[in-house]
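Student: Dropping the sequence and predicted coords here.
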Amino acid sequence: MKDGTLEDDNGGERPAGPEIAVTVSCDSWLVVVADVEETCRRVAAAALGAGAADWPAEDLARCEISLVLSDDAEVQRLNRDYRDQDKPTNVLTFAALDDEDAPQPEDGPLVLGDVIIAYQTTVSEAAHENRTLVQHLSHLVVHGVLHLLGYDHQDDAEAEEMEGLETAVLGALGIPDPYAQQPGDDARP
């Protein structure tokens, strides 16, 4: 690394900082959300920075994340094939760091994994929760990135920690607390 750059795999240079690849496999995202790729990169970087705040800067700088903006059919297929649940869901994460025995390079990229978000489910949930699509998409990106970093919500203490971090990251981005009760809500999600 020199002058804020890292060497890439081909001996060239790339900017220092995490690599956040965004793939749009469902064109509806491009029609409905202006600058959706840049929005996702910005939100993912914020989540990564907050979720890995205690990581050494050089490790954080070499992280790689893949975000895929997909549709319900693809997410349902992935959910069926990898989680034995034959239904769509809003976000799936495939964390590369889940395998504690997997070797991690001392230098070079540190691949955190993939976050896949389903268009139709996300649109439906945003409308149901009376949030904008960008607000809900941002929440799902933060949620997915935190899962890649090892955060979970299997018990109340884990859920409270993860929700608190999600709320803090989104608040820093000017997005309201997704867990706050909305007028007319019967219960917290």
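Tutor: The structure has been received and is ready for your questions. These numbers come from a predicted model, not from an experiment.

Student: which is the next helix or strand following the host helix or strand of Glu38?
Tutor: Using DSSP states H and E, Glu38 maps to helix 36-51. Toward the C-terminus, helix 36-51 is succeeded by helix 57-61 as the next helix or strand (DSSP H and E).

Student: any idea of the mean pLDDT for that following helix?
Tutor: The average pLDDT within helix 57-61 is 88.

Student: Can you spell out which helices and strands pack onto that helix?
Tutor: Other helices and strands packing on helix 57-61, by 3 or more C-beta pairs under 8 Å, 6 or more residues apart in numbering; DSSP states H and E, are absent; none qualifies. Where you see a C-beta, it was placed from the backbone N, CA and C, and this is true even at glycine.

Student: okay, the helix holding Glu38 in CSV with CA atoms only?
Tutor: What follows is helix 36-51 as a C-alpha-only set of coordinates in CSV (Å, rounded to 0.1, in the frame of the first residue of the first chain):
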residue,chain,number,x,y,z
VAL,A,36,-28.9,2.1,-6.7
GLU,A,37,-25.3,0.7,-7.0
GLU,A,38,-23.7,3.7,-5.4
THR,A,39,-26.3,3.8,-2.7
CYS,A,40,-25.6,0.2,-1.9
ARG,A,41,-21.8,0.7,-1.9
ARG,A,42,-22.1,3.7,0.5
VAL,A,43,-24.5,1.9,2.9
ALA,A,44,-22.4,-1.3,2.8
ALA,A,45,-19.2,0.7,3.6
ALA,A,46,-20.9,2.4,6.5
ALA,A,47,-22.1,-1.0,7.9
LEU,A,48,-18.6,-2.5,7.4
GLY,A,49,-16.9,0.4,9.1
ALA,A,50,-19.3,0.2,12.1
GLY,A,51,-19.4,-3.6,12.4
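
Student: Not counting it itself, show me its contacts.
Tutor: When contacts are taken as C-beta atoms under 8 Å, 6 or more residues apart in numbering, the neighbours of helix 36-51 outside the stretch itself are 17-18, 20, 22, 24, 29-30, 33, 60, 63, 65, 67, 69, 112, 115, 134, 137-138, 141-142, 145-146, 149, 151, 165, 168-169, 172-173.
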